[in-house]
Each structure stands twice: as C-alpha cells, then as structure tokens.
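Asker: Give me a 3D structure for the following:
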Amino acid sequence: MCRVPLLPAPAAPVSFLQDDVAGCFDYYADLAEKLDARQYSAIDVGMEEFSVKVRREPLGVVGLITPWNYPLLMATWKVAPALAAGNCCVLKPSELASVTCLELARL
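Answerer: Residues are numbered from 1 along each chain as shown. Predicted coordinates:
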C-alpha cells in the first residue's frame, strides 16, 4: 500500500483562465445573435399544405451545479449558454470552491 499523500494539481495561470472564460462568453454571444436571426424560420416538411415554423423561447429558470475542480471554467461553460439562450440561472457551486463563482457573479 502506497502511503504517498495526494498533492493537488498545479493551478493554471490566471491569464489562461481569463482568456478561456472570456472566449466562452464571446462564443455563446455570437451564437445568440445567430439564434435571433433564425427566429421564426420556416422548415420544409415536404408537403405544401403545411407551414411549419420554429419559435425559440427560453426555458425559464435553469439550475446549474458545478464541481470543485476548475470551478470558474465549469461555471462559465454552464452559465454562458444558458444566459445566451435567455434563461435565468441559479448556480450552485461546490462548497469547496464557491469563492470563484462569487467572483463570476460579481463580473
């Protein structure tokens, strides 16, 4: 039996995390603009007597749960698409890493 203590993984530099977080929000902001452009777009079902259109609406309140590892990036991966789709988010971070999610909310 190995009695070597488990060491935490080295943390990523803050600049990389900030770039990833900003890039994620930029990506989903672009998708939200494209989603608005496709609102009420017609869908061809192969029959002339039917007219089908898609109306995209937010789901409402979305519950998001994040793990303890990479809390800022994981929260961003969940919050950014939900906000881009027009939903209200309730974020439940891990009790081991809740401060980073508070900083995300502050932004």
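Asker: Quick one: the helices in the protein, in order.
Answerer: 14-37, 71-84, 99-106 (DSSP state H).
Asker: and those, which is most packed in?
Answerer: Most buried of the helices of the chain, by mean neighbour count (mean count of other CB atoms under 10 Å): helix 71-84, with a mean of 20. Just so you know, the C-beta spots here come from the backbone N, C-alpha and C atoms, and that holds for glycine as well.
Asker: so where's this structure uncertain?
Answerer: For the chain, residues meeting the criterion pLDDT under 70 lie at 1-18.
Asker: Could you dump the helices of the chain into CSV with distance to Arg55 added?
Answerer: Below are those laid out as CSV (distance: least, CB to CB, whole Å):
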stretch, distance to Arg55
helix 14-37, 12
helix 71-84, 17
helix 99-106, 31
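Asker: Among the ones you listed, which comes closest to Glu48?
Answerer: Closest to Glu48 of the helices of the chain is helix 14-37 (CB to CB; 25.7 Å).
Asker: between the helices of the chain, which gets nearest to Gly46?
Answerer: Shortest distance between Gly46 and the helices of the chain, using CB to CB, is found for helix 14-37: 24.4 Å.
Asker: Run the chain-centre distance for that closest one.
Answerer: The gap between the average C-alpha position of helix 14-37 and the chain average comes to 9 Å, counting by CA atoms, centre = their mean, to the nearest Å.
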